[in-house]
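1. Next come a sequence and a model predicted from it.
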Amino acid sequence: MRFPDSPSPQFPYKWVTSNPSARSGNPWALKVRNLTHIPLHQVTLTYNALSFAQVQTLRSFFDAVGGSRDTFAFADFNGYSVNAPTIPTTLWTDLPIGLGDAATTVWTLPTYLLQQSWTIEDVVYTPTVKVAGVTKNISWHPDDSGPDGYIVSGGDADGLDTIHFASAPANGAFLTITGVCRRAMRKARFSADEFPFSTTMPWNLQGGSVDIVEQII
């Protein structure tokens with residue numbers, strides 16, 4: 001499931017980046033182990049003047065994932081255009097896809113509505129995929145003729161984009177993508193079990209916020 005696009009929160013809002021780790025030992029002999037090879041993010045979505053119907057939309061999704069119990073996909077709202085709210089306009093650079101394992105060829109990208117091409121200040125941007133820092137020659141589905149693979153828009157079950165490599169990236173190779181899109185959390189979770197809006201006052205326009213935390217993939 002992907003977090004609903006409507007109602008949309010107030011934006012822009014801040015992305016908080018963290019590098020989770022496990023720590024043990026005394027301060028003068030501290031041992032630290034990273035829990036993930038990529039930074040994780042947290043966002044606080046703020047809503048204003050929600051109608052009862054809009055609250056129910058959010059409540060239905062909240063209940064469907066069991067509050068903080070289950071995970072879901074999330075697509076950043078900051079990348080919306082003011083005049084065309086379904087089209088992203090933000091260029092994201094070197095978004096981490098993952099680490100190659102010499103076996104996996106199909107990967108879900110950390111992107112939603114990735115644009116095949118987009119012009120910013122007279123510069124045309126197309127998605128750039130790198131494996132271990134080397135740019136790959138990727139085509140765009142239904143054209144699957146790219147010698148290194150191809151991208152499928154909305155190819156994931158949650159509507160996130162996918163990439164099909166012609167051959168599995170080497171074990172430990174760091175995979176990244178640059179492009180204009182809505183940055184996606186492939187796996188996210190609500191930080192609280194309590195739904196933040198009242199469901200007993202349908203005549204009242206409500207405001208409040210929800211915290212969403214990216215999970216280790």
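-> Nice, I can see it.

2. Which SSE is immediately downstream of the host helix or strand of Ser60?
-> Using DSSP states H and E, Ser60 falls within helix 52-64. Per DSSP H and E, the first helix or strand lying C-terminal to helix 52-64 is strand 72-75.

3. Now do that following strand: which elements does it pack against?
-> strand 182-190 (3 or more CB pairs under 8 Å, 6 or more residues apart in numbering; DSSP states H and E). For the C-beta atoms, the positions are set from N, CA and C on the backbone; glycine is no exception.

4. Give the residue farthest from the middle of the chain.
-> Note on the chain: the largest C-alpha distance from the chain mean falls to Trp28, namely 37.5 Å (CA atoms, centre = their mean).

5. secondary structure class for that one?
-> In three-state terms, and counting by DSSP: H, G, I helix; E, B strand; the rest coil, Trp28 is helix.

6. again, but for the one 5 residues further on
-> Following three-state DSSP, the label given to Arg33 is strand.

7. how close does it sit to Gly172?
-> 17 Å (CB to CB, to the nearest Å).

8. The two - which one has more neighbours?
-> Each of Arg33 and Gly172 has its neighbours counted (other CB atoms under 10 Å); Gly172 has more, 11 against 8.

9. how is the protein carved up into domains?
-> Here the domain parsing of the chain from automatic domain parsing is 1-80+186-217, 91-180.

10. Make sure Ala157 is indeed in a strand.
-> No. Assessed with three-state DSSP, Ala157 is coil; it does not lie in a strand.
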